[in-house]
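Asker: Let me see the structure of the following:
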Amino acid sequence: MTTSRIILTTSKISILDIDDEAESAVSSLPPCKLKWRQKQLWVLPLQKNEQHYLPPLQSQSWLSNCLQRSSVGLVCIDPNVGETGLRVWTNACEQAKKKAVLRVPFNSELSSREKLFRSRLRRVMDSSLAALLLLILSPVLLGLMLLIAIVSPGPVFSRQLRAGERGKLFQVIKFRTEAIHKGQVTSKMTHFGKWLRQYCLDGLPQLVNVLRGEMSLVGPRPWKLDEVIRMTQEERRQLRLLPGMIKLHQEDMRSHVFGSQSTPVL
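Answerer: Just a heads-up that it's a prediction; the model follows:
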């Protein structure tokens, strides 16, 4: 079994105490290296010829404590660290309240002022329309929240990690459609959840994501982490786009990337 390893390529190494309390082990975290760049931490896959390893990472809380006590403001994660590595690092960033993004291919085409103006104008329009729709649909949203709480007691909303514009990681907010068993969300949908999915009502809370600037009203759906990992370097250029609530040619694009085995995103 391969031991998890981390390389810290910097002249300064901060030594932190490891909590002695029971913690969840991260034995399957693939080897990776860290680079510091002006308060940015880059998480990159480990190359075979690199040596001088730090002690193995034993717990996610230890990693979260390191991030929390550091001056890092942004964590840029290379998708090539694998799905397990992505989830460990994104969870640690969330616990430490650090912003996390995926590393996307460099765009050599500089944005013109006109494109920048259009992008900002679109964001203002999206935010304004999202706020208006939230206000108009507030009775419907409150009614659906009440019905979900009655039909299936538990969390009203579900949050799913997705990759957005320029690799930014964020939580997509939806109405919960899955059943609750022994306090845990299962993969089985409730009858009311199926009805919500049928009429696409489960995605209405994504208006909050639009209001935050994480999504647009119209555009490609945000990508799952496992889909990003399976992308080629060229296909990851699609991560530059701002995702949207209403999809445009999404199935064709995903079929091109993943073939016939592509699965729906939301």
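Asker: drop to CA atoms for contacts and neighbour counts, all remaining ones
Answerer: OK.
Asker: what are the ranges of the helices in the protein?
Answerer: Defined through DSSP state H, the helices belonging to the chain, from first to last, are 60-69, 82-96, 113-136, 138-151, 191-198, 206-212, 225-230, 250-258.
Asker: To residue 181, which of those lies closest?
Answerer: In terms of C-alpha to C-alpha, the element of the helices of the chain nearest to residue 181 is helix 138-151, at 13.3 Å.
Asker: now the helices of the chain as a markdown table including distance to residue 244 and mean neighbour count?
Answerer: As requested, those are arranged in a markdown table below (distance: least, C-alpha to C-alpha, whole Å; neighbours: other C-alpha atoms under 10 Å):
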| stretch | distance to residue 244 | mean neighbour count |
| --- | --- | --- |
| helix 60-69 | 31 | 18 |
| helix 82-96 | 22 | 19 |
| helix 113-136 | 10 | 14 |
| helix 138-151 | 19 | 14 |
| helix 191-198 | 17 | 16 |
| helix 206-212 | 8 | 21 |
| helix 225-230 | 17 | 18 |
| helix 250-258 | 10 | 15 |
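Asker: ok, now which ones touch residue 245?
Answerer: With C-alpha atoms under 8 Å, 6 or more residues apart in numbering as the criterion, the residues that contact residue 245 are 203, 206-207, 215-221.
Asker: Strands - which of the residues you listed land there?
Answerer: Of the contacts of residue 245, the ones assigned to strands by DSSP state E are 216-218.
Asker: Pull out the buried members of those residues.
Answerer: Buried members of those, counted by 16 or more other C-alpha atoms under 10 Å: 216-217.
Asker: Could you report the pLDDT at the residue nearest to residue 207 when sequence neighbours are not counted?
Answerer: Take residue 207 and drop its neighbours on the chain: the residue closest to it by C-alpha to C-alpha, 6 or more residues apart in numbering is residue 130, 5.5 Å away. Per-residue confidence at residue 130 stands at 96 (pLDDT).
Asker: List the contacts of residue 130.
Answerer: For residue 130, the contacting residues are 207-208, 210-211, 217, by C-alpha under 8 Å, 6+ apart.
Asker: Make a markdown table out of those and add pLDDT.
Answerer: Compiled in a markdown table, the contacts of residue 130 are given as follows (pLDDT from 0 to 100):
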| residue | pLDDT |
| --- | --- |
| 207 | 96 |
| 208 | 96 |
| 210 | 96 |
| 211 | 95 |
| 217 | 93 |
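Asker: Reformat those as TSV; add distance to residue 153.
Answerer: As requested, the contacts of residue 130 are exported to TSV (distance: C-alpha to C-alpha, whole Å):
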residue	distance to residue 153
207	24
208	23
210	27
211	28
217	30
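Asker: What about residue 38, how many residues nearby?
Answerer: Burial of residue 38 is recorded as 10 neighbouring residues (other C-alpha atoms under 10 Å).
Asker: Could you measure from it over to residue 78?
Answerer: Residue 38 is 18 Å from residue 78, where distance means C-alpha to C-alpha, to the nearest Å.
Asker: ditto for residue 189
Answerer: The spacing between residue 189 and residue 78, counted by C-alpha to C-alpha, is 34 Å.
Asker: Quickly list the domain ranges of the protein.
Answerer: Using automatic domain parsing, the domain ranges for the chain come out as 6-102, 113-261.
Asker: weakest of those domains by average pLDDT?
Answerer: Mean pLDDT per stretch puts domain 6-102 lowest among the domains of the chain, at a mean of 71.
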